[in-house]
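Engineer: A predicted structure for the sequence below; I have some questions about it.
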Amino acid sequence: MFKNSRVKIFIVLLFTVFICAGCENRKAPQSENPLVRYSVIKNERVVLKTELPGRVSATMSAPVRPQVTGIIMKRLFEEGSDISAGQILYEIEPDVFEAAYKNAAAQFAVAEADEFSARLLAERYGKIIKSNAVSKQEYDDAFSARMQAGAAVEAARQGLESARINLSYTKVTAPVQGRIGRSFVTPGALVTAGQAQPLAVIQNLDTVYVDVSRSNAELMRLRTALAENAAPEQNAGAKVGLRLEDGTPYARLSAAKDGNGGAEELFGELLFSDITIGRSTGSVNIRVKFPNPDKALLPGMHVRAVFEEAVLEEAVLVPQKSVFRDAGGKACVYVLEKDEAPGTAEDNFKTILRQVEIQRNIGNRWLLASGLKPGERVLVEGHLKIRPGRAVSGQELSPAPSEPAGTPAPARADNNKAVQR
């Protein structure tokens, strides 16, 4: 019995300890303000750029086709090499054309001999017609024969020239200067005059075109931005950059710009846009001309043209993770205002919900059209810990490396309006 009493006392004491512990937990003070991180807004200089997908084409493309029918005897060039205008590319079997030329030369000689005889007879009759040694009809016939002989000489001369031209066509020459591609025929192949398939194609790659397709509305916006924001020295033609398929800027590989191994970036000139709008697509073609000293840009290559639209001297940028959408779908940020209550620590702030208007993305940040001003603190980390009006402890984020302001981003339909100065 004594043993049971001791057990009961132990249970009562244990129950009392648990009750006291619960009371202490309920009386514990509330946790401190949540710690968040913020960034201070400041004005920045931003160059607005737009990237548009495009395709490279040669400024000059000349298919090489035979002008006469015959068998290819020789190919006199190396595929992929640079050639000059007038350089011999192929030789067609000339035997038939040499024979035709010699025959035409003989016919020309006969025609000249006939013309010489007819001319002498007409001149002789012209001297004796006055003495009635020949009749008027005989003189007229001699004069007519002289005229016909002269016409025959001219016809024979043209036939000889035609035969000479055909003989010269047996040596197929380059019509323009440029780089020649692969040969579509080999020695021994039969080619015909004016055939559809070219023997080879020559393209001038010293300069190339980049053709960009854009909707009419976006083209009008781009034109307005270029016109209103171009510097006076840029009036002759807008400067356009280029990015290759791997995202690297188009640059001259053969010459370093500085001692750090950087290459000289090359820019193009905006030439014109198509004067018609595609009925099915509603788009307009824009053409940009680029220098191509290293022949790095090849016809058919996919690239992205970078257009400089405007320069903003006092742009407001915020980190993308600072912006969220409210229930109505509007862009919002949390602004931290200093808590001025007496005895408040320096790092204590109050959170205020603020709506902002997004202009476009610049690298990993948003360009704002309105909603914030320089000097304000914007919440960057800790959104899940707070609600509007709650007190927080704030810590400023140290500047982190990011993409430079003005880094072009692909054009978007919802946030790619240009901001004019």
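Structural biologist: Okay, I see it.

Engineer: tell me which element the closest residue to Gly268 other than its chain neighbours falls in.
Structural biologist: Spatial nearest neighbour of Gly268, excluding adjacent residues (C-beta to C-beta, 6 or more residues apart in numbering): Phe290 at 3.8 Å. Using the backbone N, CA and C atoms, a C-beta is placed for each residue, glycine as well. Assigning secondary structure by DSSP states H and E places Phe290 in strand 283-291.

Engineer: Could you list every helix and strand in contact with whichever strand or helix holds Arg124?
Structural biologist: Under the criterion of DSSP H and E, Arg124 resides in helix 95-128. Packed against helix 95-128, as judged by 3 or more C-beta pairs under 8 Å, 6 or more residues apart in numbering; DSSP states H and E, are the following elements: helix 136-168.

Engineer: The helix or strand following the helix it packs on pairs with which strands?
Structural biologist: Next along the chain after helix 136-168, taking DSSP H and E as the criterion, comes strand 171-173. Strand 171-173 has these partner strands in its sheet, going by DSSP bridges: strand 88-92 (antiparallel).

Engineer: For the partner strand, buried residues please.
Structural biologist: For strand 88-92, burial by neighbour count (16 or more other C-beta atoms under 10 Å) applies to Leu89, Tyr90, Glu91, Ile92.

Engineer: got the angle for the helix holding Arg124 vs helix 136-168?
Structural biologist: 160 degrees (axes from the mean of the first three to the mean of the last three C-alpha atoms, to 10 degrees).

Engineer: Give me the buried positions along helix 95-128.
Structural biologist: So helix 95-128, judged by 16+ other C-beta under 10 Å, has buried residues 96-97, 100-101, 104, 107-108, 111, 114-115, 118-119, 121-122, 125.

Engineer: average pLDDT across stretch 211-222?
Structural biologist: Averaging pLDDT along stretch 211-222 gives 75.

Engineer: if I look at Ser215, how far off is Asn285?
Structural biologist: Computed as C-beta to C-beta, to the nearest Å, the Ser215 to Asn285 distance reads 11 Å.

Engineer: can you pull the contacts of the spatially closest residue to Leu35 that is not a sequence neighbour?
Structural biologist: Closest residue in space to Leu35, ignoring its immediate chain neighbours: Ser393 at 4.9 Å, by C-beta to C-beta, 6+ apart. By C-beta atoms under 8 Å, 6 or more residues apart in numbering, the contact set of Ser393 is Glu32, Asn33, Pro34, Leu35, Val36, Ala345, Asp347, Asn348, Phe349.

Engineer: Give me the sheet partners of the longest strand along the chain and which way each runs.
Structural biologist: If you go by DSSP state E, the chain has its longest strand at strand 43-64. Applying DSSP bridges to the sheet, strand 43-64 is found paired with strand 200-215 (antiparallel), strand 302-319 (antiparallel), strand 409-410 (parallel).

Engineer: between that strand and strand 283-291, how many degrees?
Structural biologist: Going by the same axes, to 10 degrees, strand 43-64 makes 90 degrees with strand 283-291.

Engineer: Now do the buried residues in strand 43-64.
Structural biologist: Going by 16+ other C-beta under 10 Å, strand 43-64 has these buried residues: 44, 46-52, 54, 56-59, 62, 64.

Engineer: What is the following helix or strand past that strand packed up against?
Structural biologist: Later in the chain than strand 43-64, the nearest helix or strand by DSSP H and E is strand 70-75. Applying 3+ C-beta pairs under 8 Å, 6+ apart, one finds that strand 70-75 contacts strand 88-92, strand 190-191.

Engineer: hmm, try it at 10 Å
Structural biologist: Packing partners of strand 70-75 (3 or more C-beta pairs under 10 Å, 6 or more residues apart in numbering; DSSP states H and E): strand 88-92, helix 95-128, strand 171-173, strand 190-191.

Engineer: Quick one: these as a markdown table, columns for distance to Val201 too.
Structural biologist: Shown next, in a markdown table, are the helices and strands packed on strand 70-75 (distance: least, C-beta to C-beta, whole Å):
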| stretch | distance to Val201 |
| --- | --- |
| strand 88-92 | 11 |
| helix 95-128 | 25 |
| strand 171-173 | 13 |
| strand 190-191 | 15 |
